[in-house]
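Chemist: what would the 3D arrangement of this be:
(one chain, ligands or ions: 1)
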Amino acid sequence: MRITVRAPAKINLVLSVGPVRPDGYHPLETVYQAVSLYDDVTVSEDAEWSVEVSGDGRIDLSGVPLDGSNIAVRAGRLLAAHHGLGRAARIHIDKGIPVAGGLAGGSADAAATLVALDRLWGLGTPDDELLALAGELGSDVPFALLGGTAHGTGRGELTTPVEDNGSYAWVVVPNATGLSTPSVYAAYDRLVHAREPQVRPELFDALRAGDAAGISTFLANDLEAPALDLRPDLERILRDGLECGATTSMLSGSGPTVVLLAIDVEGARQVAKEMAERGYDDVRVVHGPVAGAHVVTHG
Ligand code: C5P
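Modeler: Residues are numbered from 1 along each chain as shown. Sure, this is the predicted structure:
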């Protein structure tokens with residue numbers, strides 16, 4: 001039997017970062033939104049753990065580990081251990097989410113693997129246990145299970161769904177050179193005097209109203225300044241996005257992917273067209289919110 005589970009990329013509408021904790025993580029107040037870029041993870045029974053990866057040609061797969069350090073394999077082993085099982089599986093990841101881009105592609109793979117193996121092995125793991133396992137694997141993994149729009153606290157792993165009555169059109173501008181999340185947080189510690197993290201309550205009002213123009217006022221990312229310190233070349237992309245008609249341009253998470261909010265899908269297509277004319281040859285029009293990890297095929 002084979003099961004395929006699809007999991008979405010995320011962007012952070014707000015990423016507010018507090019002072020580093022004793023365990024090395026940073027307390028966050030964040031608002032996640034799942035967007036329509038996906039990884040598909042297919043699992044099948046096998047005696048040994050293995051992972052292989054494919055992509056659509058636009059994605060550089062060279063940074064994806066093909067051994068037990070791959071987060072999908074770690075997710076599988078964690079689920080097996082949680083149930084006291086000595087089982088293994090073959091995992092195939094078909095990537096539609098750029099690697100090391102600040103879009104939580106690895107987290108999507110981990111979430112998809114948890115759901116796929118839970119189904120393959122007929123475990124019926126309760127949602128709260130699955131979310132707790134996800135939180136052990138990484139700060140963004142629980143959100144990849146949940147999808148939609150959600151408020152994240154703790155180090156990002158504590159997620160609560162947010163009422164969101166809108167559909168927002170984004171232009172995603174991937175970057176050829178990845179950026180490591182820990183290095184961006186280290187730059188943040190060096191450069192920024194951190195305060196208590198917070199999300200402006202008006203953002204939740206705008207999401208409830210489904211107001212794309214309204215949310216654009218409240219988007220904010222504390223990791224943008226440290227990421228730009230490491231990668232000053234990204235400033236040009238942010239500026240180009242605004243000049244091409246985006247209402248807001250920002251980094252997704254720790255970057256280097258730039259996301260551009262447009263007023264609607266037509267607006268996003270226009271922004272993407274103008275970005276392409278400026279030489280950005282891989283821009284994607286996506287929408288959010290979309291569903292979290294879900295089974296797409298089995299049998
Ligand atoms: O949780 P995750 O494994 O995705 O985190 C990757 C790295 O990002 C951590 O090792 C840490 O350096 C940084 N991080 C952080 N504070 C957070 C989330 C991540 O410092 N809230």
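Chemist: now Leu251: closest residue in space, sequence neighbours ignored.
Modeler: Glu224 (4.8 Å; CB to CB, 6 or more residues apart in numbering). Using the backbone N, CA and C atoms, a C-beta is placed for each residue, glycine as well.
Chemist: then Asn175?
Modeler: That would be Pro256: by CB to CB, 6+ apart, it lies 3.9 Å from Asn175.
Chemist: contact partners for the one you found?
Modeler: Gly101, Gly102, Asn175, Thr177, Gly178, Leu179, Ala227, Arg231, Leu234 (CB atoms under 8 Å, 6 or more residues apart in numbering).
Chemist: mind listing what the host helix or strand of Ala34 pairs with, with the direction of each?
Modeler: Counting by DSSP states H and E, the element that carries Ala34 is strand 28-46. Paired strands of strand 28-46, with direction, are strand 2-17 (antiparallel), strand 88-95 (antiparallel), strand 149-153 (antiparallel) (DSSP bridges).
Chemist: can you redo the ones you listed as CSV with mean neighbour count, mean pLDDT and distance to Ser107?
Modeler: Shown next, in CSV, are the strands paired with strand 28-46 (neighbours: other CB atoms under 10 Å; pLDDT from 0 to 100; distance: least, CB to CB, whole Å):
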stretch, mean neighbour count, mean pLDDT, distance to Ser107
strand 2-17, 26, 98, 8
strand 88-95, 21, 98, 12
strand 149-153, 21, 98, 12
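Chemist: in CSV: these, plus distance to the ligand.
Modeler: Converted to CSV, these look like this (distance: least, CB to the nearest ligand atom, whole Å):
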stretch, distance to the ligand
strand 2-17, 7
strand 88-95, 17
strand 149-153, 9
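Chemist: now those strands in TSV, with distance to Glu129?
Modeler: Shown next, in TSV, are the strands paired with strand 28-46 (distance: least, CB to CB, whole Å):
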stretch	distance to Glu129
strand 2-17	17
strand 88-95	19
strand 149-153	19
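Chemist: of all those, which lies closest to Ser167?
Modeler: When the strands paired with strand 28-46 are compared by CB to CB, strand 149-153 sits nearest Ser167, at 10.7 Å.
Chemist: so how far is the following helix or strand past the closest one from its chain's centroid?
Modeler: Following strand 149-153 in sequence order, the next helix or strand is strand 158-161 (DSSP H and E). Relative to its chain's centre, strand 158-161 lies at 15 Å (CA atoms, centre = their mean, to the nearest Å).
Chemist: residues from the stretch 1-150 of the chain in reach of the ligand?
Modeler: Tyr25, His26, Leu28, Gly138, Ser139, Asp140 (CB under 6 Å from any ligand atom).
Chemist: mind putting those residues into TSV with neighbour count, pLDDT and secondary structure?
Modeler: Below are those laid out as TSV (neighbours: other CB atoms under 10 Å; pLDDT from 0 to 100; DSSP: H, G, I helix; E, B strand; the rest coil):
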residue	neighbour count	pLDDT	secondary structure
Tyr25	14	97	coil
His26	22	98	coil
Leu28	22	98	strand
Gly138	22	97	coil
Ser139	21	97	coil
Asp140	28	97	coil
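Chemist: longest helix in this protein, by residue count?
Modeler: helix 105-120 (DSSP state H).
Chemist: what mean pLDDT does the following helix or strand past that one have?
Modeler: Proceeding N to C from helix 105-120, the next assigned helix or strand is helix 127-137, under DSSP H and E. In this model, helix 127-137 carries a mean pLDDT of 98.
Chemist: which of the residues in helix 127-137 are buried?
Modeler: Leu130, Leu131, Leu133, Ala134, Gly135, Leu137 (16 or more other CB atoms under 10 Å).
Chemist: do stretch 141-158 as well
Modeler: So for stretch 141-158, counting by 16+ other CB under 10 Å, buried means 141-152, 154-158.
Chemist: repeat for stretch 231-247
Modeler: Arg231, Leu234, Ile237, Leu238, Asp240, Gly241, Cys244, Gly245, Ala246, Thr247.
Chemist: what does the pLDDT read for the second one?
Modeler: Read it as Leu234. At Leu234, pLDDT is 97.
Chemist: ramachandran angles for it?
Modeler: phi -70, psi -20 (degrees, to the nearest 10).
Chemist: for the fourth one, same thing?
Modeler: Its backbone dihedrals place Leu238 at phi -60, psi -40, with angles given as degrees, to the nearest 10.
Chemist: isn't it right up against Val258?
Modeler: Yes. Between Leu238 and Val258 there is a contact at 5.9 Å, judged by CB atoms under 8 Å.
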